[in-house]
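Trainee: Fold the following for me, if possible:
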Amino acid sequence: MNTVNELRTKRAKTWEQAKAFLDERRGENGVLSAEDTETYERMEKEIVDLGKEIDRQERLNAFEREMSAPTAEPLTSKPAGTKAETKTGRATDEYKRNFWNAMRTKYPDSSIVNALQVGTDTEGGFLVPDEFEKTLVQALEEENFFRQIATVIHSNSGDRKIPVVASKGSAAWIDEEGSYGESDDTFGQISLGAYKLGTLIKVSEELLNDSAFDLETYISNEFGRRLGTKEEEAFFTGDGAGKPTGILAKTGGAEIGVTAASATAITADEVIDLYYSLRVPYRKKAKWLLNDTTVSALRKLKDSQGQYLWEPSLVAGTPNKILGCEVITSPFMPTAASGAKSIAFGDFGYYWIADRQGRTFKRLNELYAATGQVGFIGNQRVDGKLILPEAIKVLQQKGSAASGG
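Mentor: Model prediction:
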(Lines give C-alpha, C1' and ligand atoms only; values in the text may rest on other atoms or scores of the structure.)
Protein backbone atom coordinates (compact mmCIF):
# COMPACT_ATOMS: atom_id res chain seq x y z
CA MET A 1 0.00 0.00 0.00
CA ASN A 2 1.48 3.35 -1.02
CA THR A 3 1.66 6.41 1.19
CA VAL A 4 -1.31 8.17 -0.40
CA ASN A 5 -3.61 5.20 0.17
CA GLU A 6 -2.40 4.88 3.74
CA LEU A 7 -3.14 8.56 4.35
CA ARG A 8 -6.58 8.23 2.78
CA THR A 9 -7.39 5.21 4.93
CA LYS A 10 -6.26 7.06 8.04
CA ARG A 11 -8.30 10.13 7.11
CA ALA A 12 -11.41 8.03 6.47
CA LYS A 13 -11.00 6.30 9.83
CA THR A 14 -10.58 9.63 11.61
CA TRP A 15 -13.68 10.97 9.85
CA GLU A 16 -15.75 7.97 10.99
CA GLN A 17 -14.51 8.53 14.55
CA ALA A 18 -15.40 12.24 14.32
CA LYS A 19 -18.93 11.44 13.08
CA ALA A 20 -19.45 8.92 15.87
CA PHE A 21 -18.16 11.44 18.41
CA LEU A 22 -20.59 14.09 17.14
CA ASP A 23 -23.54 11.72 17.26
CA GLU A 24 -22.66 10.51 20.75
CA ARG A 25 -21.82 13.84 22.41
CA ARG A 26 -24.41 16.21 20.99
CA GLY A 27 -26.87 17.28 23.65
CA GLU A 28 -30.64 17.43 23.30
CA ASN A 29 -30.31 20.85 21.71
CA GLY A 30 -27.82 19.47 19.16
CA VAL A 31 -24.89 21.45 20.62
CA LEU A 32 -21.56 20.15 21.92
CA SER A 33 -20.16 21.17 25.27
CA ALA A 34 -17.08 23.39 25.28
CA GLU A 35 -14.84 20.44 26.17
CA ASP A 36 -16.35 18.21 23.47
CA THR A 37 -16.09 21.04 20.94
CA GLU A 38 -12.37 21.29 21.62
CA THR A 39 -11.97 17.53 21.18
CA TYR A 40 -13.93 17.52 17.91
CA GLU A 41 -11.96 20.46 16.53
CA ARG A 42 -8.72 18.55 17.14
CA MET A 43 -10.14 15.61 15.20
CA GLU A 44 -11.30 17.89 12.42
CA LYS A 45 -7.90 19.57 12.24
CA GLU A 46 -6.33 16.15 11.80
CA ILE A 47 -8.73 15.44 8.91
CA VAL A 48 -7.81 18.76 7.25
CA ASP A 49 -4.08 18.20 7.78
CA LEU A 50 -4.30 14.68 6.35
CA GLY A 51 -6.13 16.06 3.30
CA LYS A 52 -3.41 18.63 2.71
CA GLU A 53 -0.71 15.98 3.11
CA ILE A 54 -2.52 13.77 0.58
CA ASP A 55 -2.52 16.66 -1.90
CA ARG A 56 1.19 17.30 -1.27
CA GLN A 57 2.05 13.62 -1.67
CA GLU A 58 0.09 13.35 -4.92
CA ARG A 59 1.92 16.41 -6.31
CA LEU A 60 5.23 14.91 -5.19
CA ASN A 61 4.41 11.61 -6.91
CA ALA A 62 3.56 13.52 -10.09
CA PHE A 63 6.87 15.42 -9.93
CA GLU A 64 8.79 12.19 -9.37
CA ARG A 65 7.13 10.56 -12.38
CA GLU A 66 7.99 13.60 -14.48
CA MET A 67 11.60 13.76 -13.29
CA SER A 68 12.16 10.03 -13.77
CA ALA A 69 10.93 10.12 -17.37
CA PRO A 70 13.67 9.75 -19.99
CA THR A 71 15.03 13.09 -21.22
CA ALA A 72 16.36 11.75 -24.50
CA GLU A 73 15.77 8.90 -26.90
CA PRO A 74 18.53 6.39 -27.77
CA LEU A 75 20.32 6.73 -31.12
CA THR A 76 19.08 4.05 -33.52
CA SER A 77 20.95 5.11 -36.66
CA LYS A 78 24.09 6.90 -37.70
CA PRO A 79 24.03 10.67 -38.28
CA ALA A 80 23.38 11.53 -41.91
CA GLY A 81 24.82 15.00 -42.42
CA THR A 82 23.59 18.34 -41.19
CA LYS A 83 19.96 18.45 -40.13
CA ALA A 84 17.80 21.52 -40.63
CA GLU A 85 16.43 23.35 -37.59
CA THR A 86 13.17 21.86 -36.38
CA LYS A 87 10.14 24.03 -35.78
CA THR A 88 7.46 22.61 -33.49
CA GLY A 89 5.60 25.86 -32.81
CA ARG A 90 6.08 29.45 -33.86
CA ALA A 91 9.76 29.33 -32.72
CA THR A 92 12.66 27.25 -33.99
CA ASP A 93 15.08 25.47 -31.69
CA GLU A 94 17.58 28.20 -32.57
CA TYR A 95 15.12 30.83 -31.37
CA LYS A 96 14.60 29.00 -28.10
CA ARG A 97 18.36 28.76 -27.44
CA ASN A 98 18.98 32.37 -28.29
CA PHE A 99 16.00 33.58 -26.26
CA TRP A 100 17.62 32.28 -23.07
CA ASN A 101 21.05 33.47 -24.16
CA ALA A 102 19.55 36.95 -24.55
CA MET A 103 17.97 36.73 -21.13
CA ARG A 104 21.38 36.01 -19.63
CA THR A 105 23.42 38.43 -21.73
CA LYS A 106 23.46 42.21 -21.40
CA TYR A 107 24.72 42.82 -24.94
CA PRO A 108 23.84 39.82 -27.11
CA ASP A 109 25.90 39.43 -30.29
CA SER A 110 24.44 39.86 -33.76
CA SER A 111 23.73 36.16 -34.27
CA ILE A 112 21.51 36.13 -31.20
CA VAL A 113 19.68 39.30 -32.22
CA ASN A 114 19.14 38.01 -35.77
CA ALA A 115 17.68 34.79 -34.46
CA LEU A 116 15.34 36.68 -32.15
CA GLN A 117 13.82 38.68 -35.00
CA VAL A 118 11.52 35.69 -35.44
CA GLY A 119 9.67 36.68 -32.30
CA THR A 120 10.11 40.44 -31.84
CA ASP A 121 6.94 42.16 -30.67
CA THR A 122 5.83 45.76 -31.28
CA GLU A 123 6.95 46.98 -27.83
CA GLY A 124 10.49 45.68 -28.03
CA GLY A 125 10.02 42.58 -25.88
CA PHE A 126 10.62 39.13 -27.23
CA LEU A 127 7.72 36.74 -27.50
CA VAL A 128 8.32 33.69 -25.36
CA PRO A 129 9.42 30.66 -27.42
CA ASP A 130 6.62 28.19 -27.86
CA GLU A 131 8.19 25.55 -25.63
CA PHE A 132 8.61 27.94 -22.71
CA GLU A 133 5.09 29.27 -23.03
CA LYS A 134 3.81 25.72 -22.57
CA THR A 135 5.89 25.46 -19.42
CA LEU A 136 4.47 28.75 -18.19
CA VAL A 137 0.90 27.66 -18.85
CA GLN A 138 1.55 24.51 -16.85
CA ALA A 139 2.82 26.62 -13.98
CA LEU A 140 -0.30 28.76 -14.22
CA GLU A 141 -2.50 25.68 -14.02
CA GLU A 142 -0.69 24.40 -10.93
CA GLU A 143 -1.10 27.75 -9.20
CA ASN A 144 -4.49 28.63 -10.67
CA PHE A 145 -6.88 25.67 -10.69
CA PHE A 146 -9.62 27.79 -12.28
CA ARG A 147 -8.06 27.24 -15.72
CA GLN A 148 -8.61 23.49 -15.25
CA ILE A 149 -12.37 23.79 -14.77
CA ALA A 150 -13.10 26.77 -17.06
CA THR A 151 -13.09 26.91 -20.86
CA VAL A 152 -9.87 28.46 -22.20
CA ILE A 153 -9.79 29.96 -25.70
CA HIS A 154 -7.04 31.78 -27.62
CA SER A 155 -7.41 34.96 -29.66
CA ASN A 156 -4.80 36.71 -31.81
CA SER A 157 -6.36 40.17 -32.08
CA GLY A 158 -9.55 42.09 -31.45
CA ASP A 159 -12.38 41.28 -29.08
CA ARG A 160 -13.76 37.75 -29.16
CA LYS A 161 -17.54 37.94 -29.58
CA ILE A 162 -19.55 34.97 -28.34
CA PRO A 163 -23.20 34.61 -29.41
CA VAL A 164 -25.44 33.47 -26.56
CA VAL A 165 -29.08 32.37 -26.82
CA ALA A 166 -31.03 34.82 -24.65
CA SER A 167 -34.42 33.09 -25.06
CA LYS A 168 -35.61 30.00 -26.91
CA GLY A 169 -38.55 29.59 -29.21
CA SER A 170 -41.22 26.96 -28.57
CA ALA A 171 -43.54 24.64 -30.45
CA ALA A 172 -47.34 24.85 -30.36
CA TRP A 173 -50.32 22.67 -31.19
CA ILE A 174 -51.85 23.58 -34.56
CA ASP A 175 -55.40 23.00 -35.75
CA GLU A 176 -55.90 21.19 -39.03
CA GLU A 177 -55.01 23.55 -41.88
CA GLY A 178 -54.00 26.09 -39.23
CA SER A 179 -51.02 28.38 -39.65
CA TYR A 180 -47.69 28.08 -37.92
CA GLY A 181 -47.05 30.71 -35.28
CA GLU A 182 -43.70 32.46 -35.20
CA SER A 183 -41.46 31.65 -32.26
CA ASP A 184 -37.86 32.67 -32.82
CA ASP A 185 -34.80 32.28 -30.66
CA THR A 186 -33.30 35.59 -29.58
CA PHE A 187 -29.56 36.02 -29.29
CA GLY A 188 -27.32 38.12 -27.13
CA GLN A 189 -23.57 38.62 -27.39
CA ILE A 190 -20.74 38.36 -24.88
CA SER A 191 -17.52 40.15 -25.77
CA LEU A 192 -14.18 38.96 -24.40
CA GLY A 193 -11.43 41.56 -24.60
CA ALA A 194 -7.94 41.55 -23.11
CA TYR A 195 -6.65 43.06 -19.89
CA LYS A 196 -2.93 43.37 -19.29
CA LEU A 197 -1.46 41.51 -16.32
CA GLY A 198 2.24 41.81 -15.54
CA THR A 199 4.97 41.45 -12.95
CA LEU A 200 8.66 42.20 -12.47
CA ILE A 201 11.40 39.94 -11.12
CA LYS A 202 14.88 41.09 -10.05
CA VAL A 203 17.85 38.70 -10.13
CA SER A 204 21.38 39.49 -8.94
CA GLU A 205 24.04 39.63 -11.65
CA GLU A 206 26.11 37.02 -9.78
CA LEU A 207 23.25 34.55 -9.79
CA LEU A 208 22.39 35.29 -13.40
CA ASN A 209 25.96 34.67 -14.54
CA ASP A 210 26.16 31.40 -12.64
CA SER A 211 25.74 28.71 -15.27
CA ALA A 212 24.42 26.36 -12.57
CA PHE A 213 21.44 28.64 -11.95
CA ASP A 214 18.41 27.31 -13.84
CA LEU A 215 17.03 30.61 -15.14
CA GLU A 216 14.35 28.99 -17.27
CA THR A 217 12.80 27.02 -14.40
CA TYR A 218 13.03 29.92 -11.96
CA ILE A 219 11.32 32.44 -14.24
CA SER A 220 8.72 29.90 -15.34
CA ASN A 221 7.74 28.99 -11.77
CA GLU A 222 7.88 32.49 -10.34
CA PHE A 223 5.94 34.15 -13.16
CA GLY A 224 3.48 31.28 -13.06
CA ARG A 225 2.92 31.69 -9.32
CA ARG A 226 2.44 35.46 -9.50
CA LEU A 227 0.29 35.61 -12.62
CA GLY A 228 -1.71 32.56 -11.61
CA THR A 229 -2.60 33.94 -8.18
CA LYS A 230 -3.68 37.31 -9.57
CA GLU A 231 -5.65 35.67 -12.35
CA GLU A 232 -7.53 33.42 -9.98
CA GLU A 233 -8.45 36.31 -7.73
CA ALA A 234 -9.96 38.14 -10.72
CA PHE A 235 -11.81 35.05 -11.96
CA PHE A 236 -13.56 35.02 -8.57
CA THR A 237 -14.00 38.65 -7.55
CA GLY A 238 -13.07 40.79 -10.59
CA ASP A 239 -15.55 43.55 -11.41
CA GLY A 240 -14.66 43.95 -15.09
CA ALA A 241 -12.96 47.32 -14.52
CA GLY A 242 -9.43 46.81 -15.85
CA LYS A 243 -9.63 43.10 -15.06
CA PRO A 244 -11.83 40.06 -15.90
CA THR A 245 -15.37 39.74 -14.53
CA GLY A 246 -15.46 37.14 -11.76
CA ILE A 247 -18.12 34.57 -10.95
CA LEU A 248 -18.99 36.47 -7.75
CA ALA A 249 -19.36 39.85 -9.46
CA LYS A 250 -22.59 41.71 -8.71
CA THR A 251 -23.05 42.41 -12.43
CA GLY A 252 -22.18 39.62 -14.85
CA GLY A 253 -21.57 37.02 -12.14
CA ALA A 254 -23.41 33.86 -11.14
CA GLU A 255 -27.08 33.89 -10.18
CA ILE A 256 -28.18 33.70 -6.54
CA GLY A 257 -29.73 30.29 -5.97
CA VAL A 258 -30.33 30.47 -2.22
CA THR A 259 -30.25 33.21 0.38
CA ALA A 260 -29.31 31.78 3.78
CA ALA A 261 -31.44 32.56 6.82
CA SER A 262 -28.31 33.42 8.81
CA ALA A 263 -25.50 35.88 8.13
CA THR A 264 -22.83 33.48 9.34
CA ALA A 265 -24.26 29.93 9.34
CA ILE A 266 -25.40 27.46 6.68
CA THR A 267 -27.93 24.65 7.13
CA ALA A 268 -28.11 21.28 5.37
CA ASP A 269 -31.46 22.23 3.82
CA GLU A 270 -29.91 25.35 2.31
CA VAL A 271 -27.10 23.32 0.74
CA ILE A 272 -29.67 20.89 -0.69
CA ASP A 273 -31.79 23.79 -1.94
CA LEU A 274 -28.73 25.24 -3.69
CA TYR A 275 -28.14 21.88 -5.36
CA TYR A 276 -31.68 21.81 -6.74
CA SER A 277 -31.67 25.50 -7.69
CA LEU A 278 -29.33 24.51 -10.53
CA ARG A 279 -31.13 23.09 -13.54
CA VAL A 280 -30.57 19.39 -14.26
CA PRO A 281 -28.48 19.83 -17.47
CA TYR A 282 -25.88 21.85 -15.56
CA ARG A 283 -25.75 19.41 -12.63
CA LYS A 284 -24.16 16.72 -14.82
CA LYS A 285 -20.77 18.49 -14.63
CA ALA A 286 -21.38 20.63 -11.56
CA LYS A 287 -18.83 21.22 -8.82
CA TRP A 288 -18.94 22.88 -5.40
CA LEU A 289 -16.61 25.80 -4.86
CA LEU A 290 -15.97 27.12 -1.34
CA ASN A 291 -13.17 27.86 1.11
CA ASP A 292 -11.73 25.57 3.78
CA THR A 293 -13.60 27.28 6.62
CA THR A 294 -16.93 26.66 4.89
CA VAL A 295 -15.99 23.03 4.20
CA SER A 296 -15.31 22.66 7.92
CA ALA A 297 -18.83 23.87 8.68
CA LEU A 298 -20.45 21.60 6.07
CA ARG A 299 -18.72 18.52 7.47
CA LYS A 300 -21.04 18.66 10.49
CA LEU A 301 -24.28 18.87 8.48
CA LYS A 302 -26.70 15.96 7.94
CA ASP A 303 -29.56 15.51 5.52
CA SER A 304 -33.09 14.55 6.54
CA GLN A 305 -32.07 10.87 6.56
CA GLY A 306 -29.32 11.51 9.11
CA GLN A 307 -26.52 11.09 6.54
CA TYR A 308 -23.60 13.50 6.53
CA LEU A 309 -23.47 15.66 3.40
CA TRP A 310 -19.68 15.52 3.11
CA GLU A 311 -18.23 12.40 1.48
CA PRO A 312 -14.45 12.10 1.93
CA SER A 313 -12.44 10.54 -0.87
CA LEU A 314 -11.25 7.00 -0.13
CA VAL A 315 -9.45 6.27 -3.41
CA ALA A 316 -6.40 8.04 -4.82
CA GLY A 317 -7.31 10.35 -7.68
CA THR A 318 -10.95 10.77 -6.66
CA PRO A 319 -12.23 14.02 -5.10
CA ASN A 320 -14.13 14.72 -1.90
CA LYS A 321 -17.85 15.15 -2.62
CA ILE A 322 -21.02 16.78 -1.33
CA LEU A 323 -24.30 15.28 -2.57
CA GLY A 324 -22.30 13.31 -5.12
CA CYS A 325 -20.53 16.31 -6.69
CA GLU A 326 -16.83 17.21 -6.47
CA VAL A 327 -15.70 19.73 -3.88
CA ILE A 328 -13.02 22.31 -4.78
CA THR A 329 -11.63 24.79 -2.28
CA SER A 330 -10.10 28.20 -2.89
CA PRO A 331 -8.99 30.95 -0.50
CA PHE A 332 -10.65 33.46 -2.83
CA MET A 333 -14.13 32.19 -1.95
CA PRO A 334 -15.52 34.31 0.93
CA THR A 335 -16.11 33.01 4.44
CA ALA A 336 -19.73 33.06 5.61
CA ALA A 337 -20.45 36.66 6.66
CA SER A 338 -23.23 39.17 6.15
CA GLY A 339 -24.11 39.35 2.45
CA ALA A 340 -21.18 37.14 1.37
CA LYS A 341 -21.51 34.61 -1.42
CA SER A 342 -19.97 31.70 0.45
CA ILE A 343 -20.74 28.73 -1.83
CA ALA A 344 -20.82 28.46 -5.62
CA PHE A 345 -22.26 25.40 -7.37
CA GLY A 346 -22.46 24.80 -11.08
CA ASP A 347 -20.77 23.94 -14.34
CA PHE A 348 -17.69 26.15 -14.43
CA GLY A 349 -17.06 25.25 -18.06
CA TYR A 350 -19.40 28.15 -18.83
CA TYR A 351 -16.78 30.54 -17.51
CA TRP A 352 -14.63 31.39 -20.51
CA ILE A 353 -11.03 32.57 -20.28
CA ALA A 354 -9.58 34.30 -23.35
CA ASP A 355 -5.79 34.39 -23.75
CA ARG A 356 -4.63 37.06 -26.20
CA GLN A 357 -1.55 36.15 -28.28
CA GLY A 358 1.52 34.99 -26.36
CA ARG A 359 3.23 36.07 -23.18
CA THR A 360 6.00 38.66 -23.57
CA PHE A 361 9.23 39.00 -21.59
CA LYS A 362 11.84 41.73 -21.51
CA ARG A 363 15.20 42.11 -19.80
CA LEU A 364 15.92 45.43 -18.04
CA ASN A 365 19.68 46.00 -18.07
CA GLU A 366 20.17 49.49 -16.65
CA LEU A 367 17.25 50.14 -14.29
CA TYR A 368 18.70 48.15 -11.39
CA ALA A 369 22.38 48.25 -12.39
CA ALA A 370 23.29 50.42 -9.38
CA THR A 371 22.26 47.60 -7.04
CA GLY A 372 23.91 44.85 -9.09
CA GLN A 373 20.62 43.41 -10.27
CA VAL A 374 18.90 42.67 -13.57
CA GLY A 375 15.14 43.01 -13.96
CA PHE A 376 12.83 40.79 -15.96
CA ILE A 377 9.29 41.88 -16.74
CA GLY A 378 6.63 39.57 -18.09
CA ASN A 379 3.06 40.23 -19.10
CA GLN A 380 0.08 38.59 -20.65
CA ARG A 381 -3.30 39.80 -21.87
CA VAL A 382 -6.33 37.90 -20.66
CA ASP A 383 -10.05 38.29 -20.05
CA GLY A 384 -12.67 36.10 -18.42
CA LYS A 385 -16.46 36.13 -18.21
CA LEU A 386 -19.31 33.85 -17.22
CA ILE A 387 -21.10 33.53 -20.55
CA LEU A 388 -24.23 31.89 -19.11
CA PRO A 389 -25.05 33.09 -15.56
CA GLU A 390 -27.70 30.40 -14.98
CA ALA A 391 -24.99 27.70 -15.23
CA ILE A 392 -23.64 28.62 -11.77
CA LYS A 393 -25.67 29.32 -8.64
CA VAL A 394 -24.39 30.82 -5.39
CA LEU A 395 -25.52 30.71 -1.79
CA GLN A 396 -25.56 34.21 -0.35
CA GLN A 397 -25.61 34.80 3.40
CA LYS A 398 -28.36 36.94 4.90
CA GLY A 399 -27.56 40.62 4.54
CA SER A 400 -27.82 43.45 2.07
CA ALA A 401 -27.38 42.51 -1.58
CA ALA A 402 -24.83 45.29 -1.95
CA SER A 403 -22.44 43.59 0.43
CA GLY A 404 -22.36 40.42 -1.66
CA GLY A 405 -21.03 42.14 -4.87
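Trainee: Same question for the longest helix along the chain: list its buried residues.
Mentor: Longest helix of the chain, by residue count under DSSP state H: helix 34-68. Within helix 34-68, the residues that count as buried by 16 or more other Cβ atoms under 10 Å are 36, 40, 44, 46-47, 50-51, 54, 57. Every C-beta, even on glycine, is put in place using the N, C-alpha and C of the backbone.
Trainee: repeat for stretch 240-248
Mentor: 240, 243-248.
Trainee: From those, pick the one nearest L278.
Mentor: Set against L278, the nearest of the buried residues of stretch 240-248 by Cβ to Cβ is I247 (13.5 Å).
Trainee: what about K321, how many neighbours?
Mentor: For K321, the neighbour count with other Cβ atoms under 10 Å is 16.
Trainee: And the one 5 residues further on, by the same measure?
Mentor: Taking other Cβ under 10 Å as the neighbour definition, E326 ends up with a count of 16.
Trainee: Ramachandran angles for it?
Mentor: With angles defined as degrees, to the nearest 10, E326 sits at phi -60, psi 140.
Trainee: Next up, the contacts around it.
Mentor: 287-288, 319-320 (Cβ atoms under 8 Å, 6 or more residues apart in numbering).
Trainee: What's the ChimeraX syntax to select whichever of the residues you listed are buried?
Mentor: Here is the ChimeraX command that picks out the buried ones among the contacts of E326, judged by 16+ other Cβ under 10 Å:
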select :287,288,320
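Trainee: what two of the contacts of E326 are the furthest from one another?
Mentor: Checking these with Cβ to Cβ, the most distant pair is K287 and N320, at 11.0 Å.
Trainee: Check the contact lists of those two and give me the overlap.
Mentor: 326-327.
Trainee: Can you get me a residue count around the closest residue to R299 other than its chain neighbours?
Mentor: Spatial nearest neighbour of R299, excluding adjacent residues (Cβ to Cβ, 6 or more residues apart in numbering): W310 at 4.7 Å. For W310, the neighbour count with other Cβ under 10 Å is 21.
Trainee: quick one, what contacts W310?
Mentor: With Cβ under 8 Å, 6+ apart, W310 has these contacts: 295, 298-299, 301, 320-322, 327.
Trainee: beta partners for it?
Mentor: Note on W310: beta-bridge partners I322, judged by DSSP bridges.
Trainee: any weak-confidence spans in this structure?
Mentor: 1-2, 63, 66-133, 142-143, 157-158, 163-169, 183-188, 211-212, 400-405 (pLDDT under 70).
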